[in-house]
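Q: just a sequence and a predicted model for now, questions to come.
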Amino acid sequence: MKTPRLYVDQLFQIDQTIDLDREASKYISRVLRRVEGDPLTLFNGDGNNYAATITTAGKSTQVKISNQVKNCTESPLKITLVQSLAKGTKLDLVIQKATELGVSRITPVSSDRSVLQIDAARLQKRMEHWQGIAISACTQCQRSVLPTIDQPQDFHDWLASKQHDNIYILHPGAEQSISTITLEAKPCAIIIGPEGGFSDEEIQHAMTSSAIPIACGPRILRTETAGFAAIAILQSRFGDLA
C-alpha cells in the first residue's frame, strides 16, 4: 500500500508528535481510511521528507515524526515563469503543471492585452487558491520545496526590477530558437504573453530590458501551453529532464 504524502505548514523535529488540522485529519481518516500505526510522509517546504506514523486517527489525528531525509527532486535549473494573466482556469493549470515541471518561481503579470484583471478585494483569496494548487502539485510530483508564487504585477514593473541575468521572451517569429540558447548561469526567466500576445511596444520594452526573443517551434502556442513547452525544453537541456 502506497504511503500517503501530506503537506503540513510547520517546522518538524524528530520524535515530535504533532496534531493535523481538521481537513488533513478528515483526509487521512475518512478518505484514505488510514488508522493508528499506519505510515505517512510529511513535507513542509524545507526540501526534506519526514517519515511519520499515525498515533491517533479520527476527527483529531496525531502523527509522530521518526525520520528526516533530504528530498533530491529539485532541479539544478532555477526557472522563473513570468506568466501573463489568463482568463478562466488557465492560470490554475499553468501553476499546477509548471510546479510539476520544476519551476522555482511563478510571477503573474498584467499586460496590454491581458483579458483577466484581478482587483484588490479578490487578491488574497486568489493567492491562497494558487498556493493550494502548488501544494497539491508538489504532493503529487514528490517535490518538497514549494515554488514561490508572486502577487500579480504590471509587466513593465517586473521588467524594471531586473531580477535575472538570463531573460527570454517567447515571441512567434523570433530569429533565435529556444533550442539554441546557452545559459552561462543556471537561473533564468521565461516570459509568456497573454491570449492576444504582447504588443509591439511591450516586446520592444522587453528587449531594451535585456530580454532575448526566442521561438518555441514553428507553431503559435496558446498562453497556457507555451510555458510548458519552453520549461520542458530548458529542463531537458540544462536541468534534470532526461
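A: Looks like it came in fine. Owing to the predicted nature of the structure, the values given are computational and were not obtained by experimental measurement. Residues are numbered from 1 along each chain as shown.
Q: list the buried ones in the longest helix seen in the chain?
A: Longest helix in the chain by number of residues (criterion: DSSP state H): helix 120-141. Neighbour-count burial for helix 120-141 flags 126, 127, 130, 133, 134, 135, 137, 138, 139 (criterion: 16 or more other CB atoms under 10 Å). C-beta: built from backbone N, CA, C; applies to glycine.
Q: wait, which of those residues is closest to residue 91?
A: In terms of CB to CB, no member of the buried residues of helix 120-141 lies closer to residue 91 than residue 130, at 7.5 Å.
Q: my read is that the closest one contacts residue 151, right?
A: No: using CB atoms under 8 Å, residue 130 is not in contact with residue 151, being 9.9 Å away.
Q: if I look at residue 53, how far off is residue 46?
A: Applying CB to CB, to the nearest Å, the value for residue 53 to residue 46 is 20 Å.
Q: what's the residue nearest to the spatial centre of the chain in contact with, if anything?
A: The chain has residue 99 as the residue nearest its centroid, 3.3 Å off, counting by CA atoms, centre = their mean. Residues counted as contacts of residue 99 (CB atoms under 8 Å, 6 or more residues apart in numbering) are 106, 133, 134, 137, 138, 141, 143, 147.
Q: state the helix or strand in which it lies.
A: Secondary structure assignment for residue 99, by DSSP states H and E: helix 90-100.
Q: could you point out which element follows that helix?
A: strand 105-110.
Q: list the strands paired with that next one, with their directions.
A: Paired strands of strand 105-110, with direction, are strand 79-84 (parallel), strand 148-149 (parallel), strand 153-154 (parallel) (DSSP bridges).
Q: make CSV out of those strands and add mean pLDDT, distance to residue 196 and mean neighbour count.
A: As requested, these are exported to CSV (pLDDT from 0 to 100; distance: least, CB to CB, whole Å; neighbours: other CB atoms under 10 Å):
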stretch, mean pLDDT, distance to residue 196, mean neighbour count
strand 79-84, 96, 9, 26
strand 148-149, 97, 24, 15
strand 153-154, 92, 17, 13
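Q: so where's this protein shaky on pLDDT?
A: Across the chain, the ranges flagged by pLDDT under 70 are 115-117.
Q: all strands for it, in order.
A: Applying DSSP state E to the chain gives strands spanning 5-7, 17-19, 39-43, 48-56, 62-70, 79-84, 105-110, 148-149, 153-154, 167-170, 188-192, 211-214.
Q: got the angle for the third one vs strand 48-56?
A: Strand 39-43 runs at 140 degrees relative to strand 48-56, counting by axes from the mean of the first three to the mean of the last three CA atoms, to 10 degrees.
Q: quick one: the nearest residue to residue 62 once chain neighbours are set aside from residue 8, how far?
A: The spatially closest residue to residue 62, leaving aside those adjacent along the chain, is residue 56, at 4.2 Å (CB to CB, 6 or more residues apart in numbering). According to CB to CB, residue 56 stands 15 Å off from residue 8.
Q: for these two, indicate the residue with more neighbours.
A: When neighbours are counted by other CB atoms under 10 Å, residue 56 and residue 8 differ, and residue 8 comes out ahead with 20 against 17.
Q: identify the bridge partners of the residue lying closest to the more buried one once chain neighbours are set aside.
A: Nearest residue to residue 8, sequence neighbours excluded (CB to CB, 6+ apart): residue 42, at 5.2 Å. Here residue 42 sits in beta bridges with residue 6, residue 50, going by DSSP bridges.
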